[in-house]
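Chemist: next input, structure requested:
(one chain, ligands or ions: 2)
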Amino acid sequence: MNLQETIAAIATPTGIGALGIVRISGPHALEIAARVFSSPHKKNIANLAGYQAAYGFIKNPETGHVVDEVVILIMRKPHSYTGEDMVEITGHGGPVPLKSILEAVLDGGARLAEPGEFTLRAFLHGRMDLAQAEAVQDVIMAKTQKSLNLALQQLEGSVSRFIRESRQKLMEVLAYVEASIDFPEDELDGFSREEGKIVLQQVQEELSQAVAASQRGRVYREGVRVTIVGRPNVGKSTLLNALLGEDRALVTEVPGTTRDSVEEIINLKGIPLRLIDTAGLRETEDQVEILGVTRTRELLKRSDLVLVVLDVTEGITQDDEAILQTIPPERSMVVVNKIDLRKEIDTGPLLDRFSPDSIKFISALEGQGLEKVLAAIGHKVVGEGPAGEGVMITNLRHERALDGALQAVKRSLQGWQEGVPVDLLAVDIREAISSLGQITGETVGTDITREIFSRYCIGK
Ligand SMILES: Nc1nc2c(ncn2[C@@H]2O[C@H](COP(=O)(O)OP(=O)(O)OP(=O)(O)O)[C@@H](O)[C@H]2O)c(=O)[nH]1
Ligand SMILES: [Mg+2]
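Modeler: Numbers count the residues shown, from 1 in each chain. Ligands and ions are numbered 1, 2, ... in the order given. Predicted coordinates for the structure are as follows:
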């Protein structure tokens with residue numbers, strides 16, 4: 001990527017809105033903007049200070065035609081999102097005017113930006129580190145208030161600070177270790193072997209807490225897929241509707257009503273829950289139903305959690321048994337439905353595979369027991385209570401790097417205790433430092449950064 005090139009893109013979604021924005025960034029941003037912009041008051045945008053705006057028209061430099069009436073905002077390096085000279089042109093929010101503005105800007109000398117290239121440039125110019133840059137996309141994609149809060153904290157630098165502090169401590173220990181390789185006999189100032197060990201233990205403790213919390217963090221960022229399965233007519237669609245609070249899926253007394261899966265997202269205390277109602281599972285000759293059943297089996301594989309619905313009036317039938325055999329008990333809950341009709345069934349046959357906590361009795365029709373089902377889902381996916389203190393890692397890439405660092409710190413600590421030669425300790429400590437640096441971007445290759453930003457929106 002050539003930072004000498006000036007890039008441009010439409011930054012607002014395609015569709016109809018009041019306003020839309022075309023962004024330009026790079027060394028020639030102002031020049032290009034001046035080429036396409038004309039002010040009725042003869043304002044020269046080259047003379048505007050940063051964060052000043054002007055009203056006028058965009059003309060295509062090749063055809064000379066006016067393409068939209070706009071307000072143009074100037075940002076001068078380094079005080080801009082990318083750290084480069086930037087111009088934002090706010091035009092009317094329709095696809096044709098915005099495309100025409102973009103075309104004028106490209107004809108004026110800019111190149112079309114790649115996905116995430118504005119944020120990539122912000123990272124390359126040191127406006128933010130990699131963890132912060134990744135948070136930008138998380139803010140945009142946030143599914144609940146809780147996921148938004150976590151993304152904003154990361155954008156503000158909470159993850160970066162935690163990583164830098166741990167890295168700093170490891171660097172101090174490494175400096176001590178390296179000095180004692182060079183001067184084995186000397187008393188090294190300010191640091192003893194014992195102190196080095198204490199610092200390593202402290203870092204190990206902090207990293208393992210962060211790794212432990214990260215699974216929970218990821219649930220808030222990405223959400224969880226909960227698939228509702230069971231025989232036909234046990235009340236799966238009624239359960240989906242009850243949890244959603246609206247009549248989304250068709251419900252009838254005819255078995256085999258749901259033919260294709262139905263998906264909806266609900267917000268469970270900040271956890272985005274993707275609920276999937278499926279076609280009832282049974283042996284069938286009906287071609288459409290067979291497709292539905294095949295699809296349900298596929299969905300099962302991709303679920304974080306499976307709710308198996310049983311009908312209390314029918315007990316556990318052979319078909320139920322067959323379904324219960326195909327699902328992973330550690331990722332499942334049994335929901336016994338229709339308790340308004342009858343209270344009990346013999347759960348004995350379930351108990352060798354499911355703990356009593358994973359079996360819930362409900363009436364989807366009358367709304368009984370739903371709170372308990374939701375609480376149990378929350379408990380299963382994020383464990384006890386709300387997020388504790390300390391940093392919350394939400395990103396799988398970060399989680400892996402953090403775990404890599406933790407394992408390296410553990411090895412060095414063990415070596416330290418066993419009195420292995422200091423040059424070997426240095427190897428593990430360096431690895432831990434490098435692993436942490438991948439999160440903030442100090443030690444990450446361009447292929448990985450490219451991969452990360454390629455998933456971004458164009459214009460961000
Ligand atoms: N009494 C009672 N009836 C229920 C309850 N839940 C569902 N039903 C009834 O059971 C029948 C089937 O409900 P659905 O929700 O369509 O069942 P399903 O599991 O989605 O069925 P398929 O889509 O055919 O697989 C309907 O007549 C519902 O009104 C309940 O808690 N109590
Ligand atoms: Mg159904």
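
Chemist: so the closest residue in space to Gly367 that isn't next to it in sequence, which of the three states?
Modeler: The shortest distance from Gly367 to any non-neighbouring residue, by C-beta to C-beta, 6 or more residues apart in numbering, is to Ala242 (5.8 Å). Every residue, glycine included, has its C-beta placed from N, CA and C. Assigned by DSSP: H, G, I helix; E, B strand; the rest coil, the conformation of Ala242 is helix.

Chemist: neighbours of Ala242, just the number please.
Modeler: Counted with other C-beta atoms under 10 Å, the neighbours of Ala242 add up to 22.

Chemist: ditto for Pro40
Modeler: Here the count is done by other C-beta under 10 Å, and Pro40 has 9 residues near it.

Chemist: and the pLDDT for it?
Modeler: Note on Pro40: pLDDT of 94.

Chemist: hang on, isn't it packed against Val66?
Modeler: No - applying C-beta atoms under 8 Å as the test, Pro40 and Val66 come out as separate, 11.3 Å apart.

Chemist: picking that back up, doesn't Gln368 make contact with the residue nearest to Gly367?
Modeler: No - if you go by C-beta under 8 Å, Ala242 and Gln368 don't touch, sitting 9.6 Å apart.

Chemist: re earlier: can you pull the contacts of the residue nearest to Gly367?
Modeler: Ala242 makes contact with 364-365, 367, 370, according to C-beta atoms under 8 Å, 6 or more residues apart in numbering.

Chemist: show me which of these neighbour ligand 1.
Modeler: Restricting those to those near ligand 1 by C-beta under 6 Å from any ligand atom leaves 364-365.

Chemist: now, which of the contacts of Ala242 lie within strands?
Modeler: Of those, none are assigned to strands by DSSP state E.

Chemist: and the helices in this protein?
Modeler: Applying DSSP state H to the chain gives helices spanning 29-36, 95-107, 117-124, 130-141, 145-156, 158-182, 193-222, 236-244, 287-301, 318-326, 370-382, 396-418, 422-440, 446-454.

Chemist: which residues are in contact with Ile345?
Modeler: Per C-beta under 8 Å, 6+ apart, neighbours of Ile345: 310, 312, 315-316, 336.

Chemist: hmm, 6 Å instead?
Modeler: 312, 315 (C-beta atoms under 6 Å, 6 or more residues apart in numbering).

Chemist: for Asn2, the count of nearby residues, please.
Modeler: 7.

Chemist: closest one to His79 out of the contacts of Ala242, please.
Modeler: Leu370 (51.7 Å; C-beta to C-beta).

Chemist: tell me the confidence at the closest one?
Modeler: What the model reports as pLDDT for Leu370 is 96.

Chemist: what's the spacing between it and ligand 1?
Modeler: According to C-beta to the nearest ligand atom, to the nearest Å, Leu370 and ligand 1 sit 10 Å apart.

Chemist: what do you get for Val199?
Modeler: As judged by C-beta to the nearest ligand atom, Val199 and ligand 1 stand 58 Å apart.

Chemist: you'd agree that residue is up against Met171?
Modeler: No - in this structure Val199 lies outside contact range of Met171 using C-beta atoms under 6 Å: 10.5 Å.

Chemist: ok, for the residue in the stretch 251-400 of the chain positioned nearest to ligand 2, nearest residue in space, not its chain neighbours?
Modeler: As assessed by C-beta to the ion, ligand 2 sits closest to Thr258 within the stretch 251-400 of the chain, at 3.1 Å. Excluding its sequence neighbours, the residue lying closest to Thr258 (C-beta to C-beta, 6+ apart) is Ala279, at 5.0 Å.

Chemist: before we move on, what about Thr440?
Modeler: Thr440's closest residue in space is Asp129 (C-beta to C-beta, 6+ apart), at 4.3 Å.

Chemist: what is the burial count for the closest residue to ligand 1 within the stretch 251-400 of the chain?
Modeler: Residue nearest to ligand 1 within the stretch 251-400 of the chain (C-beta to the nearest ligand atom): Gly280, separated by 2.6 Å. Gly280 sits with 25 neighbouring residues when counted by other C-beta under 10 Å.

Chemist: which parts of this structure sit against ligand 1?
Modeler: 230, 232-238, 251-253, 255-258, 280, 337-338, 340-341, 363-365.

Chemist: ok, of those, which come out buried?
Modeler: 230, 232-238, 251, 256-258, 280, 337-338, 363-365 (16 or more other C-beta atoms under 10 Å).

Chemist: and the residue of the stretch 51-200 of the chain that's closest to ligand 1?
Modeler: Lys143 (25.6 Å).

Chemist: how far away is that residue from Val224?
Modeler: Plainly put, Lys143 is 11 Å away from Val224 if you go by C-beta to C-beta, to the nearest Å.

Chemist: what values do phi and psi take at the residue nearest to Gly315 when sequence neighbours are not counted?
Modeler: Counting by C-beta to C-beta, 6+ apart, Gly315 lies nearest to Ile345, which is 5.0 Å off, once chain neighbours are set aside. In terms of degrees, to the nearest 10, the main-chain angles of Ile345 are phi -140, psi 170.

Chemist: and if you look at Ala364?
Modeler: Here is the backbone geometry of Ala364 (degrees, to the nearest 10): phi -60, psi -30.

Chemist: close to ligand 2: what parts of the stretch 201-350 of the chain are there?
Modeler: The stretch 201-350 of the chain has residues 236-237, 257-258 near ligand 2, with proximity defined as C-beta under 5 Å from the ion.

Chemist: try 8 Å this time
Modeler: Within reach of ligand 2 by C-beta under 8 Å from the ion, the stretch 201-350 of the chain has these residues: 232-233, 236-238, 240, 249-251, 257-258, 277-280.

Chemist: list the ones among the residues you listed that fall in strands.
Modeler: By the criterion of DSSP E, membership of those in strands covers Asp277.

Chemist: and Ser80, how many neighbours?
Modeler: Residue crowding around Ser80 was assessed by other C-beta under 10 Å; the count is 23.
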